[in-house]
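# got a structure for you, letters missing:
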């Protein structure tokens, strides 16, 4: 990849000349020091945040699987007299305990099912936005990292710096894929009419609702796995950022008087 900086000096052989650090006056090293300090701290947060999403997504998947397993074998019953009565053929204790999903005789789609779909869309939107931003940032970082090749003092850490970028680039693609999985899971859930009357009709015939729920849950679970893997990739950057920042500080530190 070509460095976009127009004033990058070149030697006759096309290679960047080697630089001796000029202390705090070296602008490039100052930027590298800034990135290695603040982005290291930033990534500490993002090594944890995906785990929270993964747990939330796994909880949602467990809820859908519990309902699907219940509906795969339950026989439809006659509606109870009270509109607030729970439906014994449609409810599953695990789904109620995990996500509060309660089917009542006089209601349509449970509010908790609507909330689940909204939360999946919210995570998808956030994941897509962060993935798009991160991909653009890593594109710029990769180009900037090429300029570090001119510093012999960083020669043994060049791979470490590029691995940081590569890991974050993978996370960018992963975030965008997570968004696609979650949006498709919502589309699958939209194929199901969650009103008690419609579900009982399905239980008495083709039982397609459980199949849709199983498929949606599998996509959500895979998104959770990807989110957890993203956390691992980010966490692996901690040591790389630390040793890179230490080296930058060493070579830019003003020489002490003898």
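Great, that's in hand. If you're wondering where the values come from, they're calculated on a predicted model, not measured in any experiment.

# quick one, strands of the stretch 151-258 of the chain?
With strands called from DSSP state E, counting those that start in this stretch, the stretch 151-258 of the chain shows none.

# hey, where'd the helices end up in it?
Assigned by DSSP state H, counting those that start in this stretch, the helices in the stretch 151-258 of the chain fall at 158-189, 196-203, 208-252.

# any idea of the angle the last one forms with helix 158-189?
This means helix 208-252. Put simply, helix 208-252 runs at 160 degrees to helix 158-189, going by axes from the mean of the first three to the mean of the last three CA atoms, to 10 degrees.

# and helix 208-252, what does it pack onto?
If contacts are counted by 3 or more CB pairs under 8 Å, 6 or more residues apart in numbering; DSSP states H and E, helix 208-252 sits against helix 27-46, helix 49-73, helix 158-189, helix 196-203. Using the backbone N, CA and C atoms, a C-beta is placed for each residue, glycine as well.

# Quick one, which of those gets closest to residue 228.
Minimum separation from residue 228 across those (CB to CB) falls at helix 49-73, 4.3 Å.

# quick one: the helix or strand following the closest one to chain centroid distance?
Once the chain leaves helix 49-73, the next helix or strand it forms, by DSSP states H and E, is helix 93-99. Distance, stretch centre to chain centre, for helix 93-99: 25 Å (CA atoms, centre = their mean, to the nearest Å).

# what's helix 93-99 in contact with?
Residues from elsewhere that reach helix 93-99 (CB atoms under 8 Å, 6 or more residues apart in numbering): 59, 60, 62, 63, 66, 67, 70, 101, 102, 112, 116.

# can those residues go into TSV with extra columns for distance to residue 33 and neighbour count?
Shown next, in TSV, are these (distance: CB to CB, whole Å; neighbours: other CB atoms under 10 Å):
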residue	distance to residue 33	neighbour count
59	41	14
60	42	26
62	45	17
63	47	25
66	51	22
67	53	28
70	58	19
101	51	23
102	55	17
112	49	16
116	45	23
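
# quick one: which of the residues you listed is nearest to residue 136?
The closest of those, once distances to residue 136 are taken by CB to CB, is residue 60, at 29.8 Å.

# Could you double-check that the closest one sits in contact with residue 119?
Yes. Here residue 60 lies in contact with residue 119, judged by CB atoms under 8 Å, at a distance of 7.3 Å.
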